[in-house]
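A.B. asks: after the sequence you'll find the predicted model.
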Amino acid sequence: MFHHGFGLSWLVVAAIVVVPFWRICTRVGYSPWLSLLIVVPLVNIGFVYFLAFSEWPSQMTSSGPGATTTSTPV
């Protein structure tokens, strides 16, 4: 009647879902700890939209005093 393995199966599924989002957050320049939001119901939908439509820190260009530019040969 009572399913004893529910907690363990939830942890396995959570790990399978969190690991890819951990890598995505790292690659786009956000803290990988944000990937833990993916296991929170309803917050996960907002998080996916945030990742999809926000400007990623890894793609921002800086034009400040210490900025370096690289050019590719044409």
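C.D. replies: Perfect, I can see it now.

A.B. asks: not counting sequence-adjacent ones, nearest residue to residue 24?
C.D. replies: residue 51 (6.7 Å; C-beta to C-beta, 6 or more residues apart in numbering). Every C-beta, even on glycine, is put in place using the N, C-alpha and C of the backbone.

A.B. asks: counting contacts, what elements does the host helix or strand of the one you found pack onto?
C.D. replies: Assigned by DSSP states H and E, residue 51 belongs to helix 43-53. Counting contacts by 3 or more C-beta pairs under 8 Å, 6 or more residues apart in numbering; DSSP states H and E, helix 43-53 packs against helix 6-28.

A.B. asks: for the helix it packs on, which residues meet the burial criterion?
C.D. replies: 18, 21-22, 24-25 (16 or more other C-beta atoms under 10 Å).

A.B. asks: the spatially most central residue of the chain and residue 14, how far apart?
C.D. replies: For the chain, the residue nearest the mean C-alpha position is residue 25 (3.0 Å; C-alpha atoms, centre = their mean). To residue 14, residue 25 is 16 Å away according to C-beta to C-beta, to the nearest Å.

A.B. asks: perfect, I'm done here.
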